[in-house]
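**Q** With the sequence up front, the predicted model follows.
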Amino acid sequence: MQGVAIYPGSFDPITLGHVDIIERGLKVFDHIIVAIAVNTSKVAAFSDVDRLHMIEESFAHDRRVSVVSFQGLLVDFARQQEAVAVLRGLRAASDFEYEFQMAAMNRRLNPDLETVFMTSRSTHTFISSTLIREVSAMRGDVSEFVPEVVLKYIAKRYA
Ligand code: PNS
């Protein structure tokens, strides 16, 4: 597939699981816009600006990746960006129900926008931002699971 895909999420913080989906997504799409949802019902542990900087620093070497924050509906943002697809990762069957519902709702809201799923690498299936936050808050070592640039943000947040 050619064109731009949106990879939306909370990225609170970005993990190596996310990085893997973006890198593999670039084999399919020309450009990926990593879109950080702000002002959702979720209260983020990291500020909007820090979440943006963590992803920008992780992909500073790759011009095919851009990072933006968005508010409001994903389908509206995707239309503004002229994206051909939304990219999402699936780690396990437990992700499926929620992802299926979101994809179905987004398709109702914009029938032209496809959702493309990539299954995560087996070595990444257990990595989640939620667990990264929990382990970090209890001073555990998460260096295996997040991009190196993220570690300084974690150190600052959980100092
Ligand atoms: O990383 P997450 O928290 O699983 O990402 C969820 C996200 C941001 C993709 C989803 O909540 C979203 O698309 N939010 C934007 C608002 C929206 O369009 N909601 C309707 C989704 S059907």
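**A** Thanks, I have it.
**Q** May I have the secondary structure class of K152?
**A** Per DSSP: H, G, I helix; E, B strand; the rest coil, the local secondary structure of K152 is helix.
**Q** burial of it, as a residue count?
**A** 11 (other C-beta atoms under 10 Å). Heads up, the C-betas are built off the backbone N, CA and C, glycines and all.
**Q** how near is it to the ligand?
**A** Noted for K152: a distance of 22 Å to the ligand, by C-beta to the nearest ligand atom, to the nearest Å.
**Q** Kindly report the same for Q71.
**A** Q71 is 8 Å from the ligand, by C-beta to the nearest ligand atom.
**Q** just Q80 next, same as before
**A** Distance from Q80 to the ligand, by C-beta to the nearest ligand atom: 13 Å.
**Q** quick one, phi/psi of that residue?
**A** The phi and psi torsions at Q80 (degrees, to the nearest 10) take the values phi -60, psi -40.
**Q** Test my guess that M54 contacts I14.
**A** Yes: using C-beta atoms under 8 Å, M54 is in contact with I14, at 5.3 Å.
**Q** Output the set of residues of the protein in proximity to the ligand.
**A** P8, G9, S10, A37, T40, L73, L74, M102, M105, N106 (C-beta under 6 Å from any ligand atom).
**Q** out of M54 and I14, which sits in the busier spot?
**A** A count of neighbours by other C-beta under 10 Å puts I14 above the other of M54 and I14, at 29 against 24.
**Q** residue contacts, that one?
**A** Counting by C-beta atoms under 8 Å, 6 or more residues apart in numbering, I14 makes contact with R51, M54, I55, S58, S129, V146, P147, V150.
**Q** swap in P147?
**A** I14, L16, V19, M54, E57, S58.
**Q** same thing but 7 Å
**A** By C-beta atoms under 7 Å, 6 or more residues apart in numbering, the contact set of P147 is I14, L16, V19, S58.
**Q** what's the most distant pair in the contacts of I14?
**A** Farthest-apart pair in these is S58 and S129; separation 13.6 Å (C-beta to C-beta).
**Q** low-confidence ranges in the protein?
**A** 1 (pLDDT under 70).
**Q** Quick one: the helices in it, in order.
**A** 16-25, 48-58, 74-80, 93-109, 129-137, 150-157 (DSSP state H).
**Q** Extract the CA atoms of the second one and return them as CSV.
**A** In other words, helix 48-58. Only the C-alpha atoms of helix 48-58 are listed here, as CSV (Å, rounded to 0.1, in the frame of the first residue of the first chain):
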residue,chain,number,x,y,z
ASP,A,48,1.5,16.0,26.0
VAL,A,49,4.8,17.7,25.3
ASP,A,50,6.9,14.9,26.8
ARG,A,51,5.0,12.2,25.0
LEU,A,52,5.6,14.1,21.7
HIS,A,53,9.3,14.6,22.4
MET,A,54,9.9,11.0,23.4
ILE,A,55,8.5,9.8,20.0
GLU,A,56,10.3,12.6,18.1
GLU,A,57,13.6,11.6,19.7
SER,A,58,13.0,7.9,19.0
